[in-house]
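Colleague: build the 3D model from these lines:
(2 chains)
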Amino acid sequence: GAGVSQSPRYKVAKRGQDVALRCDPISGHVSLFWYQQALGQGPEFLTYFQNEAQLDKSGLPSDRFFAERPEGSVSTLKIQRTQQEDSAVYLCASSFASGSFGLDEQFFGPGTRLTVL
Amino acid sequence: KQEVTQIPAALSVPEGENLVLNCSFTDSAIYNLQWFRQDPGKGLTSLLLIQSSQREQTSGRLNASLDKSSGRSTLYIAASQPGDSATYLCAVPGFQKLVFGTGTRLLVSP
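Modeller: Numbers count the residues shown, from 1 in each chain, chains lettered A, B, ... in the order given. Here you go, the predicted structure:
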């Protein structure tokens, strides 16, 4: 496909369950970002990869959140022992260049809406 | 720390009106500014990206302006249509991330 894809699109989890969210970036894009968007808010940065290297994870809210991109393409965001406050839309974005301060345009996927009961 | 604010938070207009959405940012040392559209339950669609060296960018009925010195950008929508109803977000680059405003929810009534 031509765009960023994410799966699943919707996920309902019971509190305490582990979840894994997948992101397929645009082919050839070096940079990959994860954002969390709470209801009625703008997206908030979680973590950033340049190829397989996780260069910034300062936005991850707790050690229950873990992200990986082992081969520099597909990325997975894992949330362990989910809590109700984890309910949000999780957005993935990719960009062609390696970024840093001069960010290139980011292209976003449709998001995964996580609901924790 | 860069902070981005958007006003109004919500806007309801009749079809055909021209309207302006506002975005302000606290750190004027930005590289670019991007406007996005988000439909309910969907991801973000990039509308316009303005480089710091530009003052405005146009795409169809949309025109975005950037005034770095005052820390402001505006998105002008001409002749609004019901299909324009969505949330509009602006974002500026922080270090290795985008910093977003909270968005303006626009409803255009037929």
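Colleague: per-residue pLDDT, residue A:98?
Modeller: In the prediction, the pLDDT value recorded for residue A:98 is 64.
Colleague: buried ones in the helix or strand containing residue A:22?
Modeller: Assigned by DSSP states H and E, residue A:22 belongs to strand A:19-24. Within strand A:19-24, the residues that count as buried by 16 or more other CB atoms under 10 Å in any protein chain shown are A:19, A:21, A:23, A:24. (Each C-beta comes from the backbone N, C-alpha and C, glycine too.)
Colleague: ok, so of those residues, who is nearest chain B?
Modeller: residue A:23 (11.1 Å; CB to the nearest CB).
Colleague: residue contacts, the closest one?
Modeller: Residue A:23 makes contact with A:4, A:5, A:6, A:32, A:34, A:74, A:75, A:76, A:77, A:92, A:94, A:109 under the criterion CB atoms under 8 Å, 6 or more residues apart in numbering or on different chains.
Colleague: if we can go back for a sec, pairing partners for the strand holding residue A:22, with directions?
Modeller: Sheet pairing here is set by DSSP bridges, and for strand A:19-24 it gives strand A:5-7 (antiparallel), strand A:75-79 (antiparallel).
Colleague: past that strand, which element shows up next along the chain?
Modeller: Following strand A:19-24 in sequence, per DSSP H and E, is strand A:31-37.
Colleague: what pairs with residue B:24 across the strands?
Modeller: residue B:5, residue B:72.
Colleague: contacts for stretch B:12-30 next, please.
Modeller: For stretch B:12-30, using CB under 8 Å, 6+ apart, the contacting residues are B:1-8, B:11, B:33, B:35, B:52, B:68-82, B:88, B:90, B:92-93, B:99, B:101, B:104, B:106-110.
Colleague: rounded mean pLDDT for that stretch, please.
Modeller: On average, stretch B:12-30 scores 94.
Colleague: same deal with stretch A:110-117?
Modeller: 96.
Colleague: can you tell me if it touches chain B.
Modeller: Yes: interface with chain B: stretch A:110-117 contributes A:110, A:111, A:113 (CB under 8 Å from any CB of the partner chain).
Colleague: now rank the residues you listed by neighbours and give me the top one.
Modeller: Within the residues of stretch A:110-117 next to chain B, most neighbours by other CB atoms under 10 Å in any protein chain shown means residue A:111, with 25 neighbours.
Colleague: that one against residue A:90, yeah?
Modeller: Yes: under the criterion of CB atoms under 8 Å, residue A:111 makes contact with residue A:90 at 6.3 Å.
Colleague: can you list phi and psi of residue B:84 for me?
Modeller: With angles defined as degrees, to the nearest 10, residue B:84 sits at phi -80, psi -10.
Colleague: tell me, how many neighbours does the nearest residue to it once chain neighbours are set aside end up with?
Modeller: Nearest residue to residue B:84, sequence neighbours excluded (CB to CB, 6 or more residues apart in numbering or on different chains): residue B:108, at 5.0 Å. By other CB under 10 Å, the residues close to residue B:108 number 20.
Colleague: try residue A:31
Modeller: Going by other CB under 10 Å, the residues that sit close to residue A:31 add up to 22.
Colleague: please report how far the closest residue to chain A within chain B lies from residue A:94.
Modeller: Per CB to the nearest CB, residue B:100 is where chain B lies closest to chain A, at 3.3 Å. According to CB to CB, to the nearest Å, residue B:100 stands 17 Å off from residue A:94.
Colleague: who's in contact with residue A:67?
Modeller: With CB under 8 Å, 6+ apart, residue A:67 has these contacts: A:34, A:46, A:47, A:49, A:54, A:57, A:60, A:75, A:76, A:77, A:78.
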